[in-house]
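Novice: with the sequence up front, the predicted model follows.
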Amino acid sequence: MTGLLGPAEIRELAARLGVAPTKKLGQNFVHDPNTVRRIVTAAGLAPEDVALEVGPGLGSLTLALLPVAAHVHVVEIDPTLAGALPETAARFAGPDAARLTVHHADALRVRAAALAEPAPTALVANLPYNVAVPVVLHLLAELPTLRHGLVMVQKEVADRLVAGPGSKVYGIPSVKLAWYARSRAAGKVPPNVFWPVPNVDSGLVAFTRREPPRADVAREAVFAVVDAAFAQRRKTLRAALAGWAGGADRAAAALTAAGVDPGARGESLTVDQFAAIAASAPTATPAAQ
Ligand SMILES: C[S@@+](CC[C@H](N)C(=O)[O-])C[C@H]1O[C@@H](n2cnc3c(N)ncnc32)[C@H](O)[C@@H]1O
């Protein structure tokens, strides 16, 4: 038997495994094959793409990825779910199951070496919502081979991830994702496609890796400026970056050298401007944060 998981299959698998979904691990399983097809279509995988799925759960999305990707890595923190996937894949995906590698691991800690054979090129995931942003940022940092992705996250988080300067929801996730990738909203998903039904809408975010804005400044240095700017987002950058620069005057000098108005706020800056500020940092070590 091959196919995707509908409500009957999800219920049957969960009952057989004794799975009681937990909020702590963001366990809301998709039981709607149309949603799964929509995610895979939006992901736009090429036949040579190696997919990485974080949080496969009972396998809803995994089963749709196996026929269209060259290989599928899944990273699942729950030992029961990770342990059951090979059998689910063999049962529902037939010979395509041979292209699945299951990693029982925490996606926040997984290292490139563990996922090297073959190296993932596309992240496609219905992410655990409480750790969605750190997971995406960790994987983009850890896996330079990841070229593009499509993730489902809580709708508000999707809005934040794709926001640009000047938007009310533009903030740390928006700028950090923009360091790695160009992103766009790829649709909204209602709560009723999940079991159990969450009390939030979901959103799809598509991204494609870009060259980092500047080669002459380390990512960590840029992210330190971003963190400082948004920690006090209502203050001017001159004030918000005083701790980072070792004084408001030094902050103003770095901002001016970077071509940024010291009276501006972080919410109006592009990631390229944050990178320019980091590159103009005072030579003294930034104050501890
Ligand atoms: C929203 S569910 C998605 C399940 C499945 N992909 C689906 O669409 O039905 C999130 C999944 O992520 C897993 N998970 C939660 N935290 C994780 C982590 N830090 N690393 C890996 N998997 C995690 C949960 O156990 C759960 O299976």
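Specialist: That came through fine.
Novice: mind checking the SS state of the residue lying farthest from the centre of the chain?
Specialist: Within the chain, the residue lying farthest from the chain centre (Cα atoms, centre = their mean) is Asp249, at 36.5 Å. Put simply, Asp249 is helix when judged by DSSP: H, G, I helix; E, B strand; the rest coil.
Novice: what residue in this protein comes nearest to the ligand?
Specialist: The nearest approach of the chain to the ligand comes at Gly55, 2.1 Å away (Cβ to the nearest ligand atom). Every residue, glycine included, has its C-beta placed from N, CA and C.
Novice: before we move on, the earlier item: distance of the residue farthest from the centre of the chain relative to Ala242?
Specialist: According to Cβ to Cβ, to the nearest Å, Asp249 stands 9 Å off from Ala242.
Novice: all helices for this structure, in order.
Specialist: With DSSP state H as the criterion, the chain has helices at 7-17, 33-43, 60-65, 79-93, 132-142, 155-162, 172-180, 219-231, 237-240, 242-245, 248-257, 271-279.
Novice: Pro79 reaches His104, doesn't it?
Specialist: Yes. Using Cβ atoms under 8 Å, Pro79 is in contact with His104, at 5.8 Å.
Novice: next one: the residue nearest to Leu52 when sequence neighbours are not counted from Asp49, what distance?
Specialist: Nearest residue to Leu52, sequence neighbours excluded (Cβ to Cβ, 6 or more residues apart in numbering): Pro120, at 3.6 Å. Pro120 is 9 Å from Asp49, where distance means Cβ to Cβ.
Novice: repeat for Asp201
Specialist: Distance from Asp201 to Asp49, by Cβ to Cβ: 28 Å.
Novice: more crowded one of those two?
Specialist: Asp49 (21 against 13; other Cβ atoms under 10 Å).
Novice: pretty sure that one contacts Pro118?
Specialist: No. Using Cβ under 8 Å, Asp49 makes no contact with Pro118, being 10.2 Å away.
Novice: overlap in contacts of those two?
Specialist: Shared contacts of Asp49 and Pro118, defined by Cβ atoms under 8 Å, 6 or more residues apart in numbering, comprise Ala70.
Novice: my read is that Ala64 contacts Arg38, right?
Specialist: No. At 9.8 Å, Ala64 and Arg38 do not qualify as touching, with contact defined as Cβ under 8 Å.
Novice: looking at the two, which one has more neighbours?
Specialist: Ala64 (26 against 19).
Novice: quick one: contacts for the more buried one?
Specialist: Ala64 touches Leu4, Pro33, Val36, Arg37, Ile39, Val40, counting by Cβ under 8 Å, 6+ apart.
Novice: ranking these by neighbours, who comes first?
Specialist: In the contacts of Ala64, the most neighbours by other Cβ under 10 Å go to Ile39, 24 neighbours.
Novice: next up, the contacts around that residue.
Specialist: Leu61, Ala64, Val124, Asn126, Leu150, Met152, Leu204.
Novice: and this structure, which residues reach the ligand?
Specialist: Residues of the chain found near the ligand (Cβ under 6 Å from any ligand atom) are 25-30, 54-58, 60-61, 75-78, 81, 106-108, 126, 128, 131.
Novice: rerun at 5 Å
Specialist: 25-30, 55, 57, 60-61, 76-78, 106-107, 126, 128 (Cβ under 5 Å from any ligand atom).
Novice: of those, grab the buried ones for ChimeraX.
Specialist: For the buried members of these, the matching ChimeraX selection, counting by 16 or more other Cβ atoms under 10 Å, is:
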select :25,26,27,28,29,30,55,57,60,61,76,77,78,107,126,128
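Novice: my read: the residue nearest to Leu52 touches Val50, true?
Specialist: Yes. Judged on Cβ under 8 Å, Pro120 makes contact with Val50 at a distance of 4.9 Å.
Novice: give the residues shared as contacts by the two.
Specialist: Common neighbours of Pro120 and Val50 (criterion: Cβ under 8 Å, 6+ apart): His73, Thr145.
Novice: quick one: which of these two has more around it?
Specialist: With neighbours defined as other Cβ under 10 Å, Pro120 and Val50 compare such that Pro120 has more, 25 against 21.
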